[in-house]
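>>> attaching a predicted model along with its sequence, questions to come.
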Amino acid sequence: MKEKTTCYMCERLATTKEHVPPRSFFPPGFRKDLITVPSCDIHNTEKSKDDEYLRSLITIQYEVNIQARNLFSQKVMKALQRRPNLLRRFFFSGKTYPILVDGEPSLAITYDYERVIKALTCIAKAIHFYHFGTKWDEKLWVLPVSATFPPEQENAETQNARLTVLKTGPFETQKIGKNPEIFYYQFLNNEDNVIKRLRMGFFEGFIVYAVSHSIVDHVA
């Protein structure tokens, strides 16, 4: 009898395959050999709004490539125009801050940090399951480097120190992913091959680190 497969995030039986990152992140022409993992309905279809929110946030970042900008104009803006309330909640529900980008005036916006981290944590754990065939059951610390902490973020100095720890170590392994212009990942294992650091790249400019809390908790 074939062994039943459980979801990559929980102990529920897997009833579907989940694309990692979500398929909506990949424009036509960049959907070769997409990564999938076994998932339950709760951790797939019921988090689709969080995935949409994350895609919107990533594609407005300054550092991302032309594929992200095209995706924003062709998909995200149309969705926002169809749902004006979503537009107001996403761009105007929080504070805006004037900034300079390459000497040109621009705006930084606050965003739902907890919601973004929740969505990125699911992606990180799915990538671990896909790569190693096991669940990443540890509590993770996840940081989107390209999404700056809001000015009111607590413990900013501690967060910056932890970021330094995360970035320490040569991620010299090959970037894994058939569509690296859209998404790639790299793992860095320590000597005992237990505590893993993961780096994920979205649209060549939005970089995310994920690591077990045990490797950064010692940073004051």
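Everything's here; your move. Numbers count the residues shown, from 1 in each chain.
>>> got a list of what Gln174 touches?
Gln186 (C-beta atoms under 8 Å, 6 or more residues apart in numbering). For glycine as for every other residue, the C-beta is placed from the backbone atoms N, C-alpha and C.
>>> okay, it and Gln186: tell me how far apart.
8 Å (C-beta to C-beta, to the nearest Å).
>>> burial measure for the residue lying closest to Leu54 once chain neighbours are set aside, as a count.
Of all residues not flanking Leu54 in the chain, Ala119 sits nearest, at 4.3 Å (C-beta to C-beta, 6 or more residues apart in numbering). By other C-beta atoms under 10 Å, 23 other residues sit near Ala119.
>>> what about Ala119, helix or strand, and which?
helix 113-132 (DSSP states H and E).
>>> how about that helix: buried residues?
116-117, 119-130 (16 or more other C-beta atoms under 10 Å).
>>> again with stretch 7-17
7-9, 14.
>>> may I ask which two of those are separated the most?
Farthest apart among these by C-beta to C-beta are Met9 and Ala14. That separation is 10.0 Å.
>>> what touches both of those two?
Shared contacts of Met9 and Ala14, counting by C-beta under 8 Å, 6+ apart, come down to 39-40.
>>> if I look at Arg115, how far off is Lys49?
Applying C-beta to C-beta, the value for Arg115 to Lys49 is 9 Å.
>>> next, count neighbours for Thr45.
Thr45 - counted by other C-beta under 10 Å - has 12 other residues nearby.
>>> show me what the spatially closest residue to it that is not a sequence neighbour is bridged to.
Leaving aside its chain neighbours, Thr45 sits nearest to Thr16 (7.6 Å; criterion: C-beta to C-beta, 6+ apart). For Thr16, the beta-bridge partners are Ser39 (DSSP bridges).
>>> report how many residues lie close to Gln67.
19.
>>> who's in contact with it?
27, 30, 181-182, 203.
>>> quick one on the thing from earlier: isn't the residue nearest to Leu54 right up against Lys47?
Yes. Ala119 lies in contact with Lys47 (C-beta atoms under 8 Å); the separation is 7.0 Å.
>>> tell me which residues in stretch 41-50 are buried?
For stretch 41-50, by 16+ other C-beta under 10 Å, it's 43-44, 47, 50.
>>> what about the strands in this structure?
16-20, 35-39, 96-101, 104-109, 140-144, 183-189, 196-202, 206-212 (DSSP state E).
>>> angle of the first one against helix 113-132?
Using axes from the mean of the first three to the mean of the last three C-alpha atoms, to 10 degrees, the direction of strand 16-20 lies 110 degrees away from that of helix 113-132.
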